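Colleague: Just need the structure, nothing else, for what follows:
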Amino acid sequence: MNIIHKLPGLSISKEDHHTSLCILSNNLGGFLFLSQLPISKFNGLFVNYDLELFKTIENIGILGKDFTGIENHLTHIKRNYGDNSDKIVCPKKINGMIYSISKKDRVFIDFDCRKVNDIRTFGRTYDATIEDNKIIVEFTKKSDEREDNTESVQEFSFYAAVQPSSFKPETDYEFVNQWVESYYRYDHERKDFPAHRYVHRPFIIETKELLIGVGRTKKEALDELDKLKHYKHKDHHHKKISKEKDTEAAAAFICAQDSLEKLKVEHEGVTRLYAGYPWFFQIWSRDENISLGALIKLYQFKVVKDIIFKYLQNIGKDGRLPNHIPSPHLGSADGVGWFWKRVGDFISELKAKHSLEKFLSKKELEQVKDTLAESIRRIEKKYGSKGLITNKDDETWMDTDPGGQDPRDGARIEIQALHLNMLRLMHDLSGERKYKTKEEKMKKEVATRFWNGDLLADGLGDFTVRPNIFIAYYVYPDLLSEEEWKTCFNNEIKELWLDWGGLTSIDTHHPLFVNEYTGIDDRSYHRGDSWFWINNLAALCMFKIDPIEFEENILRIIEASSKEILWKGAVGHHAEVSSAARLSSKGCVAQAWSAAMFIELIMEVYK
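Modeller: Next up, the predicted model:
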């Protein structure tokens, strides 16, 4: 597979067999995930209605041909078939897509209309009709006693309005009405069963262009189709670094910004960030707030402010934020700390740009201060214990513990650092000495009980080597002296470093360490898998503490992350994790915090 990134002011290509995955989005919460053959139940065109996703199309392409190359143009994808090529656009704020090919050919569309997590097999009917030189596909889902408690009760319908260019139904349209079996290789690898599904191919059409609008009613689908007819392309501005410094990093930097843009979704009148495509289509407080760091660095101040003031309204009775929207069953010990970290970063950046008064009024700053004070009070009342902040198992970002062998309950290092940062911010905002006193007292308590002169404990009494100490440095570098941090970093890197340019999520000598990605059973998730957001964050911390001493590690991480974005997984996107064994794209193939931390890293190293 020949991969080409045709980016503003930069083009880079490579022959690579690792990927054929493409992701586009409409910024309404819908996205398009395509590959040579569908590899997952999450392949296809999805549309969003108030954070409820519906799948519509499974796959589209030139009949009987495989593409041999992909061109990433950011706003669209081009796939090369040798003697032909197709271009795919997912226009912003429209539920639909534009599919065009350079030479007229026979095109198939496979449909798999359903609610995103509904994988029932029976009770699915499709009806394709031609109306006014358009093809209307109507899908109806009814209950079936083989899977349900009722029979033939209609649950919902969905529609696609397809407009071929220069359409002559008598010669260009072939009604086939076939059920086609898809095998989902990646789902099988991840043990996310079932890994087979029958999808519907209602017709084959000979054309040069298709406009496809989708909706819950026929009128909705036709309205979206009409929007597609009036669509005009707009370029988005991206920050750049000199390609002479590092061509791959320069290209990956642009792609990471574009990926983060594609993960934006309009929700309740505010631009928010999905955690990832294709299955983290929720707004996670931890992921979104970590990712806000990049938006602050990119000066997207209105977006950041709107998100911050949404969260100010959602502080719970325990002082925390909900884990994600829609509300989850798991608590989040760190989402609120990351939120206040970004509030502080936002205020600092506004001050540096002499723009504080432009974006935050005195009344708004007072609201921020009062909410932070109440958040601190509630957290300390609910979770405070002997001068530290505690959490339950599965409430940190390391929220899996298969087998119950290494729970991260109790007092965890990154939670202490996040709370210390909250106390510091509160003192900065209020000037009240009591917060400085609390900060100094807690800092001494944490340093005394977590630091042994060589390692910073992952949790109180738990010196398991994990990369969470880099989070602690990132949010609260004053916990240790510079020399102590360097000692800590060096000792941690010895146990966590992977030769391809990453960090494992647990000491490689630990009995629970897993070298290969294990999929949805989670054995490797926080016990071996290398997380790109952590790798990028760690490299950023190394650069800040001593760019000379840690130069090789920093450059190796930048190289590995750049290669993953450009040549592996989904073209131009940064995946969630890699196996420890080798650089790979695993988990969710387009992850917001991975891209965001890469943006922060590149902007710091190459500024």
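Colleague: and residue 149, what element?
Modeller: Under the criterion of DSSP states H and E, residue 149 resides outside all helices and strands.
Colleague: Return the distance of it relative to residue 11.
Modeller: Noted for residue 149: a distance of 57 Å to residue 11, by C-beta to C-beta, to the nearest Å. In this view, the C-beta of every residue, glycine as well, is placed from N, C-alpha and C.
Colleague: do the same with residue 492
Modeller: Taken as C-beta to C-beta, the span from residue 492 to residue 11 is 39 Å.
Colleague: higher neighbour count, these two?
Modeller: The neighbour count for residue 492 versus residue 11, taken as other C-beta atoms under 10 Å, is higher for residue 492 (23 against 13).
Colleague: Can you show me the strands along the stretch 151-300 of the chain?
Modeller: Assigned by DSSP state E, counting those that start in this stretch, the stretch 151-300 of the chain shows strands spanning 154-164, 173-183, 196-215, 264-267, 270-273, 276-277, 283-284.
Colleague: same question, the stretch 401-550 of the chain
Modeller: For the stretch 401-550 of the chain, the strands defined by DSSP E, counting those that start in this stretch occupy 497-498, 502-503, 530-531.
Colleague: Tell me which of the strands of the stretch 151-300 of the chain is the most buried.
Modeller: Comparing the strands of the stretch 151-300 of the chain by mean neighbour count (mean count of other C-beta atoms under 10 Å), strand 276-277 ranks first with a mean of 26.
Colleague: Now residue 129: closest residue in space, sequence neighbours ignored.
Modeller: With sequence-adjacent residues excluded and distances taken as C-beta to C-beta, 6 or more residues apart in numbering, residue 129 is closest to residue 136, at 5.3 Å.
Colleague: Make JSON lines out of the strands of the stretch 151-300 of the chain and add mean pLDDT and distance to residue 505.
Modeller: JSON lines is the format used below for the strands of the stretch 151-300 of the chain (pLDDT from 0 to 100; distance: least, C-beta to C-beta, whole Å):
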{"stretch": "strand 154-164", "mean pLDDT": "98", "distance to residue 505": "40"}
{"stretch": "strand 173-183", "mean pLDDT": "97", "distance to residue 505": "31"}
{"stretch": "strand 196-215", "mean pLDDT": "98", "distance to residue 505": "32"}
{"stretch": "strand 264-267", "mean pLDDT": "94", "distance to residue 505": "28"}
{"stretch": "strand 270-273", "mean pLDDT": "97", "distance to residue 505": "23"}
{"stretch": "strand 276-277", "mean pLDDT": "98", "distance to residue 505": "17"}
{"stretch": "strand 283-284", "mean pLDDT": "96", "distance to residue 505": "18"}
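Colleague: want to try CSV for the ones you listed, with distance to residue 25 as columns?
Modeller: Formatted as CSV, the strands of the stretch 151-300 of the chain follow (distance: least, C-beta to C-beta, whole Å):
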stretch, distance to residue 25
strand 154-164, 18
strand 173-183, 22
strand 196-215, 14
strand 264-267, 8
strand 270-273, 12
strand 276-277, 7
strand 283-284, 15
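Colleague: Tell me which of the ones you listed sits nearest to residue 299.
Modeller: Minimum separation from residue 299 across these (C-beta to C-beta) falls at strand 270-273, 14.6 Å.
Colleague: Can you tell me which helices and strands that closest one packs against?
Modeller: Applying 3 or more C-beta pairs under 8 Å, 6 or more residues apart in numbering; DSSP states H and E, one finds that strand 270-273 makes contact with strand 264-267, helix 285-297, helix 301-312.
Colleague: Which stretch among the ones you listed is buried most, on average?
Modeller: helix 285-297 (a mean of 25).
Colleague: Could you chop the protein up by domain?
Modeller: Per automatic domain parsing, the structural domains of the chain span 2-229, 247-605.
Colleague: average pLDDT for the helix ranked longest in the chain?
Modeller: Assignment by DSSP state H gives helix 362-383 as the longest helix of the chain. On average, the pLDDT along helix 362-383 is 98.
Colleague: who touches whatever helix or strand comes next after that helix?
Modeller: The first helix or strand that comes after helix 362-383 along the chain, using DSSP H and E, is strand 384-385. Contact partners of strand 384-385, identified using C-beta atoms under 8 Å, 6 or more residues apart in numbering, comprise 390, 411.
Colleague: again, only using 10 Å
Modeller: Residues outside strand 384-385 that contact it (C-beta atoms under 10 Å, 6 or more residues apart in numbering): 376-377, 390, 410-411, 419, 442, 460.
Colleague: Run through the residues that contact the spatially closest residue to residue 579 that is not a sequence neighbour.
Modeller: Counting by C-beta to C-beta, 6+ apart, residue 517 is the residue found nearest to residue 579 once chain neighbours are left out, at 4.3 Å. Listed by C-beta under 10 Å, 6+ apart, the contact set of residue 517 reads 189-190, 523-525, 528-530, 577-581, 584-587.
Colleague: what about the protein, any weak spots by pLDDT?
Modeller: Scanning the chain for pLDDT under 70 picks out the ranges 17, 326, 328-329.
Colleague: Farthest from the middle of it: give me that residue.
Modeller: For the chain, the residue at maximal distance from the C-alpha centroid (C-alpha atoms, centre = their mean) is residue 170, at 44.8 Å.
Colleague: Just to check, residue 415 is in contact with residue 392?
Modeller: No - if you go by C-beta atoms under 10 Å, residue 415 and residue 392 don't touch, sitting 11.2 Å apart.
Colleague: Between those two, which is the more surrounded one?
Modeller: Taking other C-beta under 10 Å, residue 415 and residue 392 do not tie; residue 415 has more neighbours (26 against 14).
Colleague: follow-up on the earlier one: buried ones among the contacts of residue 517?
Modeller: In those, burial by neighbour count holds for 190, 523-525, 528-530, 577-581, 584-587, counting by 16 or more other C-beta atoms under 10 Å.
Colleague: on that earlier part again, make CSV from the strands of the stretch 401-550 of the chain and add distance to residue 56 to it.
Modeller: Below are the strands of the stretch 401-550 of the chain laid out as CSV (distance: least, C-beta to C-beta, whole Å):
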stretch, distance to residue 56
strand 497-498, 40
strand 502-503, 36
strand 530-531, 32
